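Peer 1: let me see the structure of the following:
(chains A and B)
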Amino acid sequence: MEAIASPRITCAYLNTYVGKNVIIVGKVIQLRGEEALIDADGNITAHLNREAHLLAGNGAQIIGKVNPDLSIKVLSSMDLGTGVDYNLANSVVEISHQHRSLFA
Amino acid sequence: MTSYGGYQRTGYGAQGGDDGGGFSVGASQQGSQSGGGGQRNFADDTLRPVTIKQLVDCKEPYPGAELAVDGMPTTQVTLVGQVRSVHPQAVNVTYRIDDGTGLIDVKKWIDAEKGETNPRYAPDTYVRVFGRLQSFNGKRHVGAHYIRAIEDFNEVNYHMLEATYVHLSLTKGAAAGGAGEQQQQGGGDDGDSMFVDGGYGAGGGGGGAGDSAAIQARLSPCSRNARTIFNFLANTPGDGGAHLNQVAAGTNLSTKEILAGAEELLGQGFIYTTEDDETWAILDM
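Peer 2: Okay, the predicted model is just below:
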């Protein structure tokens, strides 16, 4: 089976994953048409696709490719509502990078 | 790691019989502490939280054996991921599940008696799956007992941490005061722990170290590394003990950590050096 892992990352890891698919969980700060500003331990610009239906102030999970300018080309996005523990999400990112054998 | 896991189970199964455990009712719950798991399949029926990558990467210790994750035979697993595609078939529905670490097929058999009440999960839904890891023609899938949609997204992150926690307690020894620890010390109070396999501790109990609960209690002031080493040595066959290199291979600890841990155990009188300063055996108490 082809291993297409998309690592969970935060803003700090963007530059090590240029050109790769990643998962980002963060809070939607701002929505400007097809662009969203997402806070995942730092602000990330995401270029949304047509199907995106995010809400400012809510949590979101975006899966997408990291552009050379460190913005994200979103392939899939998901509104997570308001109950998201961002500290937990950031800890999981840290832990997944410490134990790559489990997370790729 | 893999070979050690294999040994551990074998030794444990063989000695478990001596304790007169046999097929006690509830062996799957208490087998690891009481040494009662006469038949390995009961004791091995643990429910383990995993990431999909662990399932994709895991190996069979020998052809035809049960698949082992971190050297522990793994049959039942729970995983969390997003549905990527759904393939309804005549007798089952195959979901392709992605948790960001890999992809695996999950097959949910359709219960004919329930008819059309079986819920279907749409693509992109996060689901939790409880199932049995299966290998068929070299291709792995999970035969799902139960699938449910995840309501609270934090459960996804929680699952990732739980999978990491179990991985670490199996490879580096249980956290002090953690689930494994209580299981070893507490004897009967299995209600405290969700996990049947108490890692090295449980194996240590069956491995001929005598009254394991008492020893584990005496070990409790030692560091986690020291306990891991002790439990590894307790499972080492023969009287010659194990050399530093064997301990390193079996416990995934660094040389430095092992030397420090061994020093601690020597100071407490739990182990003694045999052939040279870097070979240790358990001091019978």
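Peer 1: only C-alpha atoms for contact and neighbour calcs from this point on.
Peer 2: Noted.
Peer 1: list the helices and strands the longest helix along chain A packs on?
Peer 2: The residue-count maximum for a helix in chain A (DSSP state H) belongs to helix A:86-98. If you count contacts as 3 or more Cα pairs under 8 Å, 6 or more residues apart in numbering or on different chains; DSSP states H and E, helix A:86-98 packs onto strand A:8-9, strand A:21-32, helix A:100-103, helix B:154-172.
Peer 1: got the angle for it vs strand A:21-32?
Peer 2: Interaxial angle of helix A:86-98 relative to strand A:21-32 (axes from the mean of the first three to the mean of the last three Cα atoms, to 10 degrees): 150 degrees.
Peer 1: pull out the buried positions in helix A:86-98.
Peer 2: Neighbour-count burial for helix A:86-98, counted by 16 or more other Cα atoms under 10 Å in any protein chain shown, picks out A:Y86, A:A89, A:N90, A:V92, A:V93, A:I95, A:S96, A:H97.
Peer 1: try stretch B:86-98
Peer 2: So stretch B:86-98, judged by 16+ other Cα under 10 Å, has buried residues B:V86, B:V93, B:T94, B:Y95, B:R96, B:I97, B:D98.
Peer 1: one more: stretch A:66-78?
Peer 2: A:V66, A:N67, A:L70, A:S71, A:I72, A:K73, A:V74, A:L75, A:S76, A:S77, A:M78.
Peer 1: contacting residues around the closest residue to B:P88 other than its chain neighbours?
Peer 2: Among residues not flanking B:P88 along the chain, B:T94 sits closest, at 6.2 Å (Cα to Cα, 6 or more residues apart in numbering or on different chains). Neighbouring residues of B:T94 by Cα atoms under 8 Å, 6 or more residues apart in numbering or on different chains: B:V86, B:H87, B:P88, B:D105, B:V106, B:K107, B:K108.
Peer 1: helices or strands up against the helix or strand hosting the fourth one?
Peer 2: This points to B:D105. In the assignment (DSSP states H and E), B:D105 maps to strand B:103-109. Packed against strand B:103-109, as judged by 3+ Cα pairs under 8 Å, 6+ apart, are the following elements: helix B:52-57, strand B:92-98, strand B:139-149.
Peer 1: can you tell me how far the residue nearest to B:P88 is from B:T228?
Peer 2: In this view, B:T94 and B:T228 are 40 Å apart by Cα to Cα, to the nearest Å.
Peer 1: returning to that earlier point: list the buried residues in the helix or strand just after the strand holding B:D105.
Peer 2: Where DSSP H and E defines the elements, the next helix or strand beyond strand B:103-109 is strand B:126-136. Within strand B:126-136, the residues that qualify as buried are B:Y126, B:V127, B:R128, B:V129, B:F130, B:G131, B:R132, B:L133, B:Q134, counting by 16+ other Cα under 10 Å.
Peer 1: how about the residues of the stretch 51-200 of chain B by chain A?
Peer 2: Selection of the stretch 51-200 of chain B residues close to chain A by Cα under 8 Å from any Cα of the partner chain yields B:51, B:53-54, B:100-103, B:139, B:152-154, B:157, B:160-161, B:164.
Peer 1: hmm, which of those residues are the buried ones?
Peer 2: B:51, B:53-54, B:100-103, B:153-154, B:157, B:160-161, B:164.
Peer 1: pLDDT added to the residues you listed, as JSON lines?
Peer 2: As requested, those are exported to JSON lines (pLDDT from 0 to 100):
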{"residue": "B:T51", "pLDDT": "94"}
{"residue": "B:K53", "pLDDT": "92"}
{"residue": "B:Q54", "pLDDT": "91"}
{"residue": "B:G100", "pLDDT": "92"}
{"residue": "B:T101", "pLDDT": "92"}
{"residue": "B:G102", "pLDDT": "92"}
{"residue": "B:L103", "pLDDT": "92"}
{"residue": "B:F153", "pLDDT": "94"}
{"residue": "B:N154", "pLDDT": "94"}
{"residue": "B:N157", "pLDDT": "95"}
{"residue": "B:M160", "pLDDT": "95"}
{"residue": "B:L161", "pLDDT": "95"}
{"residue": "B:T164", "pLDDT": "94"}
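Peer 1: so who does the residue nearest to A:L88 when sequence neighbours are not counted touch?
Peer 2: In space, and not counting its chain neighbours, A:L88 is closest to B:N157: 6.9 Å by Cα to Cα, 6+ apart. By Cα under 8 Å, 6+ apart, the contact list for B:N157 reads A:L88, A:A89, A:V92.
Peer 1: a strand runs through A:E51, doesn't it?
Peer 2: No - A:E51 sits outside any strand when classified using DSSP: H, G, I helix; E, B strand; the rest coil, being coil.
Peer 1: let me know how buried it is, in neighbour terms.
Peer 2: When neighbours are defined as other Cα atoms under 10 Å in any protein chain shown, A:E51 has 10 of them.
Peer 1: A:Q61 against A:V28, yeah?
Peer 2: No - using Cα atoms under 8 Å, A:Q61 makes no contact with A:V28, being 9.6 Å away.
Peer 1: more neighbours, these two?
Peer 2: It is A:V28, of A:Q61 and A:V28, that has more neighbours when counted by other Cα under 10 Å, with 23 against 19.
Peer 1: so what's that one up against?
Peer 2: By Cα under 8 Å, 6+ apart, the neighbours of A:V28 are A:A36, A:L37, A:I38, A:D39, A:L54, A:L55, A:A56, A:G57, A:N58, A:G59, A:A60.
Peer 1: quick check: closest non-adjacent residue to it.
Peer 2: A:I38 (4.5 Å).
Peer 1: okay, and the beta partners of the one you found?
Peer 2: A:V28, A:I44 (DSSP bridges).
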